[in-house]
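S.K.: no FASTA, just this:
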């Protein structure tokens with residue numbers, strides 16, 4: 001699992017590559033922790049190259065969303081494949097997040 005965080009066009013973008021399974025969750029959560037300090041910018045989680053997400057990965061996304069909303073920010077999910085979209089739908093997360 002590879003996580004890259006960049007500022008692009010005034011937004012903070014997390015680019016995820018690989019499978020965000022339970023084994024990768026701790027390292028991914030640590031890599032994404034700078035997003036919890038973002039203020040005044042939108043957060044985009046780019047899942048174009050994310051093959052799979054587990055419940056542990058969804059928990060990371062939810063934590064980022066809750067922190068952003070507490071600061072008046074927005075979190076957008078970009079580029080999810082059908083497998084990941086299915087997981088978001090089954091868990092109800094498709095009703096919580098905004099998609100690009």
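M.R.: That came through, no problem. These figures come from a predicted structure and were not determined experimentally. Numbers count the residues shown, from 1 in each chain.

S.K.: what separation is there between residue 75 and residue 35?
M.R.: Look at residue 75 and residue 35: by CB to CB, to the nearest Å, they are 8 Å apart. Using the backbone N, CA and C atoms, a C-beta is placed for each residue, glycine as well.

S.K.: overlap in contacts of these two?
M.R.: Counting by CB atoms under 8 Å, 6 or more residues apart in numbering, the common neighbours of residue 75 and residue 35 are 43, 64, 68.

S.K.: which one of the residues you listed sits closest to residue 11?
M.R.: residue 43 (7.0 Å; CB to CB).

S.K.: can you count the residues close to the residue lying closest to that closest one once chain neighbours are set aside?
M.R.: Spatial nearest neighbour of residue 43, excluding adjacent residues (CB to CB, 6 or more residues apart in numbering): residue 75 at 4.6 Å. Residue 75 has 23 neighbouring residues, counting by other CB atoms under 10 Å.

S.K.: just give me the longest helix of this structure.
M.R.: helix 55-70 (DSSP state H).

S.K.: what are the buried residues along it?
M.R.: 56-58, 60-61, 64-65, 67-68 (16 or more other CB atoms under 10 Å).

S.K.: need the contact partners of that helix.
M.R.: Counting by CB under 8 Å, 6+ apart, 20-22, 24-25, 28-29, 32, 35-36, 38, 43, 45, 53, 74-75, 77, 87-88, 91, 93, 96-97 sit against helix 55-70.

S.K.: many thanks, we can stop here.
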